[in-house]
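> curious how this folds, go ahead:
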Amino acid sequence: QVQLQESGPGLVKPSQTLSLTCAVSGGSITTSYYYWSWIRQPPGKGLEWMGSIAYSGYTYYSPSLKSRTSIFRDTSKNQFTLHLSSVTPEDTAVYYCARGTTGWGLGVYDYRGQGTQVTVSS
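From the prediction side, this is the model:
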């Protein structure tokens with residue numbers, strides 16, 4: 001049973017960088033051919049795919065967020081991290097990490113974290 005757990009600050013000030021980590025247990029983030037994604041859901045809106053990191057370490061980013069997003073991993077800790085820079089109140093959302101079999105776009109995920117609320121406010 002794979003488990004994913006998001007962690008990070010619940011409140012971030014505008015213009016700061018949001019940093020969230022997803023700790024994975026029960027399976028390795030280097031196992032072929034899985035992709036590890038960050039997804040978010042703003043209040044009252046649908047899910048939005050932000051980006052993914054592949055089992056190989058290759059990264060994929062949503063074009064609308066690419067300039068502000070970075071995803072990297074620590075294989076020794078079996079976790080991957082999202083950095084989102086220059087946040088605004090529009091980045092307020094529930095953020096999820098998930099495992100799927102596609103690196104690009106919103107896909108089908110067999111495991112997902114419970115989500116973490118992030119609010120951007122001064």
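
> what separation is there between the closest residue to Asn78 other than its chain neighbours and Ala93?
Closest residue in space to Asn78, ignoring its immediate chain neighbours: Val24 at 5.0 Å, by C-beta to C-beta, 6 or more residues apart in numbering. C-betas here are computed from N, CA, C, even on glycine. Computed as C-beta to C-beta, to the nearest Å, the Val24 to Ala93 distance reads 21 Å.

> also Ser121?
13 Å.

> comparing these two, which residue is more hemmed in?
In this view Ser121 and Ala93 are compared by other C-beta atoms under 10 Å, and Ala93 has more residues nearby, 21 against 9.

> re earlier: does the residue nearest to Asn78 have beta-bridge partners, and which?
Beta-bridge partners of Val24, counted by DSSP bridges, are Leu4.

> so it sits against Gln1, correct?
No. Contact criterion C-beta atoms under 8 Å: Val24 and Gln1 do not qualify, at 11.6 Å.

> contacts for stretch 10-23?
With contacts defined as C-beta atoms under 8 Å, 6 or more residues apart in numbering, stretch 10-23 is touched by 4-9, 36, 38, 77-89, 91, 95, 97, 113, 116-122.

> the helix or strand of the chain with the lowest mean pLDDT: how far from the chain's middle?
Least confident element among the helices and strands of the chain, by mean pLDDT, DSSP states H and E: strand 109-112 (a mean of 94). Mean C-alpha position of strand 109-112 versus that of the full chain (C-alpha atoms, centre = their mean, to the nearest Å) differs by 13 Å.
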